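Undergrad: My questions concern the predicted model and sequence given below.
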Amino acid sequence: MDYKRLLVECSSKLMNYKCLLVSLKQILVKLEQILVSLADLLVKGALLIECSSKLMNYKRLLVSLEQILVSLCNLLVKLEQILVSLADLLVN
């Protein structure tokens, strides 16, 4: 009789352990999903950093182009002044 009761108790404990293991497995699956999501976010973050770096390069390029355009405009103003001076000389 004691063996039967002991066997029932052991069986009950084994079922509890099995349920516990199933729960732990579910937790591990969720943790794996979280890690995959974090890895995905890290990849996206790296892409954003790369894009940000490229945008900064484009911004520097645009600033350089703007400076070149300003210099060209200044040259055009000086050329206009020279042409006006030449026209004055030709008129006089």
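TA: Everything's here; your move. No experiment lies behind these values; they were computed from the predicted model shown.
Undergrad: Using PDB, write down the CA coordinates of stretch 23-40.
TA: Provided in PDB are the C-alpha atoms of stretch 23-40 (Å, rounded to 0.1, in the frame of the first residue of the first chain):
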ATOM      1  CA  SER A  23       6.700  26.600 -18.800                       C
ATOM      2  CA  LEU A  24      10.500  27.100 -18.800                       C
ATOM      3  CA  LYS A  25      10.600  26.100 -22.500                       C
ATOM      4  CA  GLN A  26       7.900  28.700 -23.200                       C
ATOM      5  CA  ILE A  27       9.900  31.300 -21.400                       C
ATOM      6  CA  LEU A  28      13.000  30.300 -23.400                       C
ATOM      7  CA  VAL A  29      11.100  30.600 -26.600                       C
ATOM      8  CA  LYS A  30       9.900  34.100 -25.600                       C
ATOM      9  CA  LEU A  31      13.500  35.100 -24.600                       C
ATOM     10  CA  GLU A  32      14.700  33.900 -28.000                       C
ATOM     11  CA  GLN A  33      12.100  36.000 -29.700                       C
ATOM     12  CA  ILE A  34      13.200  39.000 -27.700                       C
ATOM     13  CA  LEU A  35      16.800  38.400 -28.600                       C
ATOM     14  CA  VAL A  36      15.900  38.200 -32.300                       C
ATOM     15  CA  SER A  37      14.000  41.500 -32.000                       C
ATOM     16  CA  LEU A  38      16.900  43.100 -30.300                       C
ATOM     17  CA  ALA A  39      19.300  41.900 -33.000                       C
ATOM     18  CA  ASP A  40      17.000  43.300 -35.600                       C
END
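Undergrad: Now do that stretch: distance to the chain's middle.
TA: Centroid separation for stretch 23-40 versus its chain: 22 Å, with Cα atoms, centre = their mean, to the nearest Å.
Undergrad: which parts of it are buried?
TA: Of all the residues in stretch 23-40, not one is buried under the rule 16 or more other Cβ atoms under 10 Å. Every residue, glycine included, has its C-beta placed from N, CA and C.
Undergrad: Okay, A87 and L21: tell me how far apart.
TA: Here the criterion is Cβ to Cβ, to the nearest Å. By it, A87 lies 97 Å from L21.
Undergrad: And the pLDDT at R5?
TA: Note on R5: pLDDT of 85.
Undergrad: Having no further points to raise, I will conclude here.
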